[in-house]
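In: Show me how the following folds:
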Amino acid sequence: MMIGITFLGVGSAFTTQEYYQSNILITTANGKSLLLDCGSDIRFSIREIKSRKEYSDIVIDAVYISHCHSDHVGGLEFLAVTNYFSDRRGKLKLFAEENLLWSLWNETLKGLINCIQGKSMQIDDYFICNPLGDNSSFKWEGLSFTLVKMPHIAYDGGTKYSYGLLIGNSSTGKHTVFISTDTQFQPDTLSLLAPEVEVIFHDCETTPFKTGVHAHYEELLSLPVAIRNKMWLYHYNPDPAYDPVTDGFKGFVAKGQDFLFD
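Out: Predicted structure coming up:
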């Protein structure tokens, strides 16, 4: 089963049009498309990708949400309402960890789209919801997806997690790709996952200072070369002052870059 991965954007939350936010389109050979995260600039990045001939007829069939920050969910209002009033064949499938799915509606979307003219709305009016357990798996269009719970923000109330994805062929059970989504530096997790996959797409902070909520380039540079050789870096800050290829990484992903895996 073919896995197509296209980066609609590669930037951090506070990025520019040259990069867009890090939202990803996953496609299969039968033309189905799953959107991994849906940030606030999605209406622009989708329009831009559709300007390319090979994507001119692209239709999003499903959405996976990794966590509730605006560069990952800020475009869901647009997507939900646009799809609701369109003439397409039905609701979008929505995949997310079960507690995250509750927060997505009750703490993010409910105040925006809980009603339309003459009707009170619930999340099920817009999406076919698929709540997922911690580190569980789901299948979609011949692909398998396994959630990987990654710590993102620690605060006095606990830890906010982002759920990365292992992606592979559902018939063989073999994982091909790991996408970290947003995470602090987790060398032990990466050491366990790296032998299972061909490629790792990892978020990468490139600011002069370390915020502690993303893996910084200099932290990732401490990984063994065998892991770095599998890593493409994304979710970076504008105009990064690093040379990832020289440092043993595959490189910085470019906005609009395509990857294809068997």
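
In: wait, doesn't residue 77 sit right on residue 109?
Out: Yes - using CB atoms under 8 Å, residue 77 is in contact with residue 109, at 6.4 Å. To be clear about C-beta, it is placed using only N, CA and C from the backbone, and glycine gets the same treatment.

In: what secondary structure does the closest residue to residue 112 other than its chain neighbours sit in?
Out: Distances taken as CB to CB, 6 or more residues apart in numbering place residue 77 nearest to residue 112, at 4.8 Å, with adjacent residues excluded. At residue 77 the chain is in helix, as set by DSSP: H, G, I helix; E, B strand; the rest coil.

In: Each with direction, which strands does the host helix or strand of residue 153 pair with?
Out: Using DSSP states H and E, residue 153 falls within strand 143-155. Strand pairing for strand 143-155, using DSSP bridges, gives strand 137-140 (antiparallel), strand 158-169 (antiparallel).

In: Give the buried residues for the shortest one.
Out: Of all the residues in strand 137-140, those buried under the rule 16 or more other CB atoms under 10 Å are 138, 140.

In: what's the distance between residue 25 and residue 160?
Out: Distance, residue 25 to residue 160, using CB to CB, to the nearest Å: 25 Å.

In: thinking again about what came up before, distance of the residue nearest to residue 112 relative to residue 232?
Out: Distance of residue 77 to residue 232, computed by CB to CB: 30 Å.

In: More neighbours: those two, which one.
Out: Taking other CB atoms under 10 Å, residue 77 and residue 232 do not tie; residue 232 has more neighbours (23 against 17).

In: Flag the shaky bits of the chain, pLDDT-wise.
Out: Applying pLDDT under 70 to the chain flags the ranges 1, 88-89.

In: switch the cut-off to 80
Out: For the chain, applying pLDDT under 80 flags the ranges 1, 87-89, 170-173.

In: can you give me the helices in the chain?
Out: 42-50, 70-73, 76-84, 98-103, 110-113, 187-193, 217-220, 225-228 (DSSP state H).

In: and residue 249, which of those is closest to it?
Out: For the helices of the chain, the distance to residue 249 is smallest for helix 225-228, at 5.1 Å, taking CB to CB.
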